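> sequence first, predicted model second:
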Amino acid sequence: MPMIYPIILSTLNARYFHSSLGLRYLLANMGEFRSDTHLKEYTINERPIDIVEDLLQHQPEIIGLSVYIWNAEQTTQVVKLIKQVSPDTTIILGGPEVSYELDQQELVTLADYVIPGQADLAFKETCTALLANNPPMLKVIHPAPFKLDEIQFPYDEYSDEDIAKRVIYVEASRGCPFKCEFCLSALDKTAYPFNLNSFLTQMQKLYDRGVRSFKFIDRTFNLKVESSLRILEFFLKKRQEEDLYLHFELIPDHLPDKLKDMIQKFPDHSLQFEIGIQSLNSEVQDLISRKQDHDKTLKNITWIREHTTAHIHADLIIGLPGENIESFAKGFNELVTMDPHEIQVGILKRLRGTPVIRHTDTYDMRFSPYPPYSILSNNLIDFLSMQKLKRFARYWDMIINSGRFKHTKPLLLADSPFENFLLFSEWLYNETSQSHKISLLRQFNLLYKGLTEVFNIDGEAVVTQLSLDHKDSGIKGEPRFHIESTFTERKENKRRPEKRQQRHRSNNAW
């Protein structure tokens, strides 16, 4: 028989290997109700009816659901079904997607209560009132302010299965002092650190349990350099662990020498830096209240790339107000010259509550009414062009960010990365009519065809580079380009053996 739990905390993650740090905070702060509370995580790929069946078999009185931009539609279906078959089950919503513009959301209408903002303590207080038959008078429950040292850390709530199979998220601070208008953190007043000694004690406990990959979700890890140094020093003492891996989000223009010195001490492939560039157009940066020193940003990225083995994940956003395609292309090409390992090309989203909506009328910004609320067009980029750019972003992730075609990449990008890849992406879509679920073997064949037909690059040069990538990939099966080139080579060898030998001698000399 399934265990009975009066309270269930749940969410739908994008992937199984993700984990909800927010729900674990709520669980850790349930006090006397901790043993009555159970955590259940699902994915957005599971059927809502199956999720509802699994939840209700535990006969909960209260279900708390964490709602994000990526699971809002599926969560709405889950809540609708619960209310159909078990209307007396109390539904409490929380999370970024239901923290603003509440009167515009069907999901909020369906639920019993909503806790916008930081619910670390408010969820337990609400459950206490409900279980005492003293329900809150208002549907929207605004949490009272609290200090970070008033809440329990969530890290003991990671199970052994989480540690073995899921991403372990941690945070040394909350909030952000910057006001970038496309981001929810623009609504924060500042950043607040957790007690560093207590935090490092928690990290030691996770380490002792076998955690070797720590993903810091701090918006501004290097804001307070002294704290950053202490955290890095803590992990540096464990550098004998070859599989230790740390992920941090860095402010790109704030990298003092003492932080550089510390970063250089880390062993190969143990650090990943997520660096939010978003735009390299200073006028656009000013428009969205983003403070960023252009020269320092590029200088620091170059330094990290040339003097460390840290993996650099840099972000750019398409669709920001005031940025046309030419401006984006210029910034993109400039960033490519910095040679980050990944350039994440994001599409502007209208996150609920973000100040970017103040530009809607001036820049004729039109967003999808469906999650994830991506921009459809603005006064500088029409709808059809925006669709092409979205496919550009998808193909860039598939071909370039994947790292599978590092030998072929220079042929494709050459000296005009944005222009060349946009041309290739348009050809690729016309050729396949799809931007997802293209097998790796087919990607090799498409690259060969595109490079030889669209860019008129010599077939032998393409085969040489693709063959190196194919060898590195370890995939089974021989790509068609290799079979065709071998067949052609044999035919030419029979016809013109002397000329072929001369060409090989010429290539060797070169």
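It's in. Numbers count the residues shown, from 1 in each chain.
> what about Asp364, which SS state?
coil (DSSP: H, G, I helix; E, B strand; the rest coil).
> the closest residue to it other than its chain neighbours: neighbour count?
In this structure, Asp364 finds its nearest non-sequential neighbour in Asn379, 4.2 Å apart by CB to CB, 6 or more residues apart in numbering. Placement of C-beta: from N, CA and C, glycine included. For Asn379, the neighbour count with other CB atoms under 10 Å is 13.
> same question, Asp50
Around Asp50 there are 10 residues (other CB under 10 Å).
> now swap in the one 5 residues further on and tell me
Counted with other CB under 10 Å, the burial measure for Leu55 works out to 23 neighbours.
> so for it, what pLDDT did the model give?
Looking at Leu55, its pLDDT is 98.
> which SS state does it fall under?
When classified by three-state DSSP, Leu55 comes out as helix.
> thought Ala461 was touching Leu412?
No - Ala461 lies out of contact with Leu412 (CB atoms under 8 Å); the separation is 11.9 Å.
> just checking, Ala191 touches Thr220?
Yes - using CB under 8 Å, Ala191 makes contact with Thr220 at a distance of 5.6 Å.
> pull up the overlap in contacts between the two.
Contact criterion CB atoms under 8 Å, 6 or more residues apart in numbering; residues shared by Ala191 and Thr220: 173, 176-177.
> now for Asn281: which residues touch it?
Contact analysis of Asn281 by CB under 8 Å, 6+ apart lists 322-323, 327-328, 330-331.
> may I have the phi/psi pair for Val170?
Backbone torsions of Val170, given as degrees, to the nearest 10, read phi -140, psi 160.
> that one: neighbouring residues, count only.
Neighbour tally, Val170, other CB under 10 Å: 23.
> re earlier: among the shared contacts of Ala191 and Thr220, which ones are buried?
173, 176 (16 or more other CB atoms under 10 Å).
> go through the shared contacts of Ala191 and Thr220 and say which is closest to Lys80.
Cys176 (34.6 Å; CB to CB).
> returning to that earlier point: out of the contacts of Asn281, which is most surrounded?
Within the contacts of Asn281, Glu323 tops the neighbour count with 28 neighbours, counted by other CB under 10 Å.
> got the contact list for it?
279, 281, 284, 380.
> angles on the backbone of the second one, please.
Phi and psi for Asn281, reported as degrees, to the nearest 10, are phi -90, psi 110.
> which residue packs closest to Glu334, ignoring adjacent ones?
Nearest to Glu334 is Leu280, by CB to CB, 6+ apart, at 5.7 Å.
> contact partners for that neighbour?
Contacts of Leu280 by CB under 8 Å, 6+ apart are 294, 297, 316, 330-331, 334-335.
> distance-wise, check it relative to His294.
In this view, Leu280 and His294 are 7 Å apart by CB to CB, to the nearest Å.
> need the overlap of contacts for those two.
Contacts common to Leu280 and His294, judged by CB under 8 Å, 6+ apart, are absent.
> and Ala461 and Leu412? Which one has more around it.
Ranked by neighbour count (other CB under 10 Å), Ala461 and Leu412 place Leu412 first, with 22 against 14.
> in the helix or strand containing the more buried one, which residues are buried?
Remark: Leu412 resides in helix 409-413, with elements defined by DSSP states H and E. By neighbour count on 16+ other CB under 10 Å, the buried set for helix 409-413 is 409, 411-413.
> now do the helices in the stretch 201-350 of the chain.
For the stretch 201-350 of the chain, the helices defined by DSSP state H, counting those that start in this stretch occupy 225-236, 257-264, 282-287, 294-307, 325-337.
> for the last one, give the mean pLDDT please.
If I follow you right, that is helix 325-337. Helix 325-337 shows a mean pLDDT of 97.
> can you list the helices and strands that it packs against?
With contacts taken as 3 or more CB pairs under 8 Å, 6 or more residues apart in numbering; DSSP states H and E, helix 325-337 sits against strand 311-318, strand 342-347, helix 383-396, helix 417-432.
> try it again with 6 Å
Where contact means 3 or more CB pairs under 6 Å, 6 or more residues apart in numbering; DSSP states H and E, helix 325-337 is packed against helix 417-432.
> quick one: the helix it packs on to chain centroid distance?
Chain-centre distance of helix 417-432: 24 Å, with CA atoms, centre = their mean, to the nearest Å.
> tell me the mean pLDDT over stretch 102-121?
Stretch 102-121 comes out with an average pLDDT of 96.
> outline the domain layout of the chain.
7-146, 167-403+415-438, 439-510 (automatic domain parsing).
> now render those as CSV, adding distance to Glu161.
Shown next, in CSV, are these (distance: least, CB to CB, whole Å):
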stretch, distance to Glu161
domain 7-146, 10
domain 167-403+415-438, 12
domain 439-510, 28
